[in-house]
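# sequence plus predicted model, see below.
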Amino acid sequence: MMEPKLRLYPELKLLLAGCDEIWIAVAMISDAGFDFIQKNINPSAKQNYLVGIGLPTSPKVLRHLMEVDGNGLFQSKVYHKDGKLFHPKLYIINTNGKYHAFVGSGNCTDGGLDKNIELGAKIDDANFCEKSLQWFSVNNKHGKIITEEFLQAYELLFHKRKQRMKKEQEEMAQLFPGDDKGIDLESIDFKNQFFKKEHFRAFEGRKPTDRSAKSNMERQNVRSQLYRLHDLLLPKIRAKKWNLAEHYAFDDIVSSAVHGLFTANELLAIWLHYGRGKREIKEYGDKETPLGFMRLQVIVHKDNVGIWNRIGKDNGSPYDRDYLKKKLQADHSYRERFYEIVSQLPSDYFIELNGESRYADEFGSEQELTEFLLSADSRHYFIIGTNFRPDDPKLSTDNIADTVIENFALLLPTYELIKHKW
């Protein structure tokens, strides 16, 4: 039996939970794609990987595969045959002796499994699955075991390649200068999503500057939804025993939906935030408020939901920003620790400062990251985080609280390292 599949994510997730063994042969694996497999697979399942490096497969994934290779559950190789580009996308799953094969265009990445426009097929025919396993075995003979020597050389090439790809994407964008890259909300099924179409539409067109009762009400609906999210998140944050507090004034737990003296002229987003508690803040002076300090936040825009460590807005968070700058300038072990934390972030995480955004995995060395961070101009926003499309399943009603907590956990080490200490 063969079924066409536009998205691999839903059915793969179901099959992974009960599988006994999986074989994955793909041109590329990203951090997000590998994490998807590990979070959903039966912990006792055997995993076999044959991975290409002609595309920018994550060095973090390759390092993990090297470390667990041969432990009884993992067998991994990178494909190499001179003059040949390894370009398959094959997933074979064995559950209680029944095999399922997925073939098509989707790499083991967040885009290939879920977000891109892909086409694939799920094939349950035993003969096809057997021949696919034979194909895997034959091509695995051209695989090379991942070594530390290989990884060190590959990591250098990987970062250079990412920079080249970014430049190529910018050049390609010039072919369609008038292209609207916004999300088409009308094409999205919001049935299971926590944030609905109307929440994103509250920031469309001229609405961010509109002070009418209608626009105020639309933004207020977003604000109310973020309070609902807060009710889901706060017990989880407390259970983690993280030193993160909501704003001590209930009305300010979520940012304003109405223009006022202390809001921007354009209300382009509304956010829910956590950071220092009242006692910590007032140590800096009675007039200080949470808005003057770094915080973790969930922020809703017209075409995405961000989960960020918002280190500082324009001319904001002077204590945290100055502390970071001084530590980077004077403390080599601090610079190394910061680079270690950033390099472990998933590939879709970015650092934005001075109006420039760079992916966390673009930095090839501690020195390169340090130079970028020290170039920060306090007149501009400084953010570390990731954004999710409105239709991302991770933002579903069932998943959103866990998604925020998982990403807060990734961001918390940056928060703790940057946080000003007396």
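Received, thanks. Predicted, not measured: the structure shown is a model, and the values here were computed from it.
# pull the number of nearby residues for the nearest residue to G106 once chain neighbours are set aside.
Distances taken as CB to CB, 6 or more residues apart in numbering place G112 nearest to G106, at 3.7 Å, with adjacent residues excluded. C-beta: built from backbone N, CA, C; applies to glycine. Per other CB atoms under 10 Å, the neighbour tally for G112 reads 25.
# now swap in the one 5 residues further on and tell me
By the criterion of other CB under 10 Å, I117 has 8 neighbours.
# pull the contacting residues for it.
L6 (CB atoms under 8 Å, 6 or more residues apart in numbering).
# just R310 next, same as before
By CB under 8 Å, 6+ apart, the contact set of R310 is W271, H273, M294, R295, L296, Q297, I299, Y381, F382, I383, G385.
# just H301 next, same as before
F200, F203, L268, A269.
# secondary structure element holding the first one?
In this structure, F200 is located in helix 197-201 according to DSSP states H and E.
# contacts for that helix?
183, 185-186, 188, 190, 207, 218, 221-222, 225, 300-303, 390.
# quick check: buried residues in it?
Within helix 197-201, the residues scored as buried using 16 or more other CB atoms under 10 Å are H199, F200.
# how about the helices in the stretch 301-422 of the chain?
Secondary structure of the stretch 301-422 of the chain, counting by DSSP state H, counting those that start in this stretch: helices at 318-330, 332-343, 366-374, 400-418.
# pull out the buried members of the contacts of H301.
For the contacts of H301, buried by 16+ other CB under 10 Å: F200, F203, A269.
# which ones are touching the second one?
With contacts defined as CB under 8 Å, 6+ apart, F203 is in contact with R219, L267, L268, A269, V300, H301, K302.
# tell me which of the buried ones among the contacts of H301 is nearest to V404?
A269 (15.8 Å; CB to CB).
# return the distance of that closest one relative to S255.
8 Å (CB to CB, to the nearest Å).
# try G70
According to CB to CB, G70 and S255 sit 51 Å apart.
# cool, and L412?
21 Å.
# which stretches of the stretch 201-350 of the chain have low pLDDT?
By pLDDT under 70, the stretch 201-350 of the chain has no low-scoring segment.
# same thing but 80
The stretch 201-350 of the chain contains residues with pLDDT under 80 at 262.
# give the rounded mean pLDDT of stretch 380-392.
Stretch 380-392 comes out with an average pLDDT of 95.
# any idea how far that stretch is from the chain center?
Centre-to-centre, stretch 380-392 and its host chain are 8 Å apart (CA atoms, centre = their mean, to the nearest Å).
# torsion angles phi and psi at the residue lying closest to Y319 once chain neighbours are set aside?
Leaving aside its sequence neighbours, Y319 sits nearest to H420 (CB to CB, 6+ apart; 4.0 Å). Phi and psi for H420, reported as degrees, to the nearest 10, are phi -60, psi 130.
# can you give me the neighbour number for H420?
Per other CB under 10 Å, the neighbour tally for H420 reads 19.
# hang on, the earlier thing: of the contacts of R310, which is the most crowded?
So for the contacts of R310 (other CB under 10 Å), the most neighbours sit at M294, 27 neighbours.
# quick one, what contacts the closest residue to it other than its chain neighbours?
Nearest non-adjacent residue to M294, counting by CB to CB, 6+ apart: D320, 4.4 Å away. Taking CB under 8 Å, 6+ apart, we find D320 in contact with F293, M294, I311, G312, I418, K419, H420.
# what of K236?
Shown in contact with K236 (CB under 8 Å, 6+ apart): A401, I405.
# you'd agree it is in a helix?
Yes: under DSSP: H, G, I helix; E, B strand; the rest coil, K236 sits within a helix.
# roughly how far apart are it and T403?
Counting by CB to CB - K236 and T403 are separated by 11 Å.
# identify the contacts common to the two.
With CB under 8 Å, 6+ apart, K236 and T403 have no common neighbours.
# for the residue lying farthest from the centre of the chain, grab phi and psi.
When distances to the mean C-alpha position of the chain are computed (CA atoms, centre = their mean), the maximum falls on N127, with 38.1 Å. With angles defined as degrees, to the nearest 10, N127 sits at phi -60, psi -40.
# measure it to N140 for me?
With CB to CB as the criterion, N127 and N140 are 20 Å apart.
# ditto for A121
According to CB to CB, A121 stands 22 Å off from N140.
# against N243, how distant is the residue nearest the centre of the chain?
In the chain, the centroid-proximal residue (CA atoms, centre = their mean) is D348; its distance is 4.3 Å. Separation of D348 from N243 (CB to CB) stands at 26 Å.
# now swap in N387 and tell me
As judged by CB to CB, N387 and N243 stand 26 Å apart.
# all strands for the stretch 151-300 of the chain, in order.
245-246, 270-275, 295-300 (DSSP state E, counting those that start in this stretch).
# between the contacts of F203, which is nearest K98?
Nearest to K98 out of the contacts of F203 is V300 (CB to CB; 42.9 Å).
# can you tell me which residues contact that closest one?
V300 is in contact with F195, H199, F200, F203, V222, L226, A269, I270, W271, counting by CB under 8 Å, 6+ apart.
# could you work out the most separated pair of the residues you listed?
F200 and W271 (14.2 Å).
# do you know how far N96 is from E130?
For N96, the distance to E130 - CB to CB - is 16 Å.
# these two: which is more packed in?
Remark: of N96 and E130, E130 carries more neighbours, 13 against 7, as counted by other CB under 10 Å.
# what helix or strand does that one sit in?
In this assignment (DSSP H and E), E130 forms part of helix 126-140.
# tell me what that helix is packed against?
strand 21-26, strand 46-51, strand 89-95, strand 98-104 (3 or more CB pairs under 8 Å, 6 or more residues apart in numbering; DSSP states H and E).
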